[in-house]
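**Student:** what's the 3D shape of this:
(one chain, ligands or ions: 1)
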Amino acid sequence: MTAEVINGKELAQEIRKEMKEEVLQLKEQGITPHLTVILIGDDPASKSYVRGKEKASYETGISSELIELPSSTTEKELLNRIDDLNHDDNVDGILVQLPLPSHIQEQHVIEAISPEKDVDGFHPISIGRMMTGKDTFLPCTPNGIITMLKSRNIQLEGKHAVIIGRSNIVGKPVGQLLLNENATVTYCHSRTKDLMEHTTTADILIAAVGKPNVIDAKYVKDGAAVIDVGINRLDDGSLTGDVDFDSVKDKASYITPVPQGVGPMTITMLLKNTIKAARGIHQ
Ligand code: NDP
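**Tutor:** Residues are numbered from 1 along each chain as shown. Prediction:
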């Protein structure tokens, strides 16, 4: 079997085209969705992600503003900035680019963002609403993954989904969204005994590990849909996923590439949340 490649870049472009129309209609009603991104310090990967978000916002007609703060910014200063943005009626969505310098506690920052402007979907209220199946801002990468699966009408109900990784931003929430879609979900992580025993029973296999090419064909059941979330930079500067694309593509039914896979979908779901925030319809 040769897998069908789900190209996230192409799918993201299709969705953004529809969003552009939606934003135009909102603008006719006097509403311009506005995203404010806070970047602290000068981590090159974070800068590149933020640039991608700004570019995508611009292309979709969403207004975006970048607040760059030095890495010496204290937690209190950051929380004060967030508080100002929470009270600014012109700001629909607030995103603080992670990771943060070690002297700032990530959870304090996540919880400081108003749930009404939580376009990353990381606030405990957003997570709780997601867990109970209520309408909310869904976390962007997990929502992008579900959108990719649905774009190919891949059946989720009753299927066995195995997630490798249990982070709060990817692994845990993507498992919850798959459960909401009536899949049977298994989480694997670094303490899982005999990883392969689990992954080879997966109809849908999601790799969110952060280790280059660790999931090869041996880990994959014939005909599985394989989603590669990993973004790993190799010594030569190139990017690769967690999945060994070349071996797995001959065994899976669907596969996502890296780059041009989940990454562009993550940004697209951020834009979707920003439009939702501007409409004020999440609760
Ligand atoms: P984390 O480092 O937070 O989580 C990695 C997870 O993988 C952990 O749960 C860890 O287990 C598990 N793990 C590590 N090694 C193994 C192993 N050998 N076997 C089984 N499980 C293992 O990473 P993130 O979830 O934040 O990100 C994962 C990857 O996805 C990264 O490459 C990241 O860059 C990428 N990413 C891509 C995005 C996109 O838009 N495409 C967005 C966000 C992330 P344990 O919990 O036990 O430590």
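**Student:** how deep is Ile15 tucked in, by neighbour count?
**Tutor:** 20 (other CB atoms under 10 Å). The way it works is simple: take the backbone N, C-alpha and C, and place the C-beta from them, glycine included.
**Student:** swap that for Glu14, sorry
**Tutor:** For Glu14, using other CB under 10 Å, the count is 11.
**Student:** show me what contacts it?
**Tutor:** Glu14 makes no contacts at all, as judged by CB atoms under 8 Å, 6 or more residues apart in numbering.
**Student:** quick one: the helix or strand where it lies near the ligand?
**Tutor:** According to DSSP states H and E, Glu14 maps onto helix 8-28. No. Against the ligand, helix 8-28 shows no contacts by CB under 6 Å from any ligand atom, the least distance being 8.3 Å.
**Student:** Can you point out the buried residues in that helix?
**Tutor:** Gly8, Leu11, Ala12, Ile15, Arg16, Met19, Glu22, Val23, Leu26 (16 or more other CB atoms under 10 Å).
**Student:** Please report the distance of the fifth one from the ligand.
**Tutor:** Right, the one you point to is Arg16. 15 Å (CB to the nearest ligand atom, to the nearest Å).
**Student:** Likewise for Thr240?
**Tutor:** 10 Å.
**Student:** so who does that residue touch?
**Tutor:** Taking CB under 8 Å, 6+ apart, one finds Pro212, Asn213, Gly230, Asn232, Leu234, Val258 in contact with Thr240.
**Student:** so can I have a markdown table of the residues you listed showing neighbour count, secondary structure and distance to Thr74?
**Tutor:** Listed next are these as a markdown table, based on neighbours: other CB atoms under 10 Å; DSSP: H, G, I helix; E, B strand; the rest coil; distance: CB to CB, whole Å:
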| residue | neighbour count | secondary structure | distance to Thr74 |
| --- | --- | --- | --- |
| Pro212 | 17 | coil | 36 |
| Asn213 | 20 | coil | 40 |
| Gly230 | 24 | coil | 33 |
| Asn232 | 16 | strand | 32 |
| Leu234 | 10 | coil | 36 |
| Val258 | 23 | coil | 36 |
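**Student:** tell me, which of those make contact with the ligand?
**Tutor:** Near the ligand, by the rule CB under 6 Å from any ligand atom, you find Gly230, Asn232 out of these.
**Student:** and which of the contacts of Thr240 is nearest the ligand?
**Tutor:** Nearest to the ligand among the contacts of Thr240, counting by CB to the nearest ligand atom, is Gly230 at 3.8 Å.
**Student:** Can you tell me the closest non-neighbouring residue to the closest one?
**Tutor:** Asp242 (3.2 Å; CB to CB, 6 or more residues apart in numbering).
**Student:** Report the secondary structure element holding the residue in the stretch 1-150 of the chain positioned nearest to the ligand.
**Tutor:** Of all residues in the stretch 1-150 of the chain, Thr141 sits closest to the ligand, at 4.2 Å by CB to the nearest ligand atom. Element membership for Thr141 (DSSP H and E) is helix 140-151.
**Student:** Which phi and psi values does the residue lying closest to Leu234 once chain neighbours are set aside adopt?
**Tutor:** The shortest distance from Leu234 to any non-neighbouring residue, by CB to CB, 6+ apart, is to Thr240 (5.8 Å). For Thr240, the backbone dihedrals (degrees, to the nearest 10) come out as phi -140, psi 160.
**Student:** low-scoring stretches of this structure, by residue?
**Tutor:** Within the chain, the segments meeting pLDDT under 70 span 281-283.
**Student:** can we see that at 90?
**Tutor:** Within the chain, the ranges that satisfy pLDDT under 90 run 1, 281-283.
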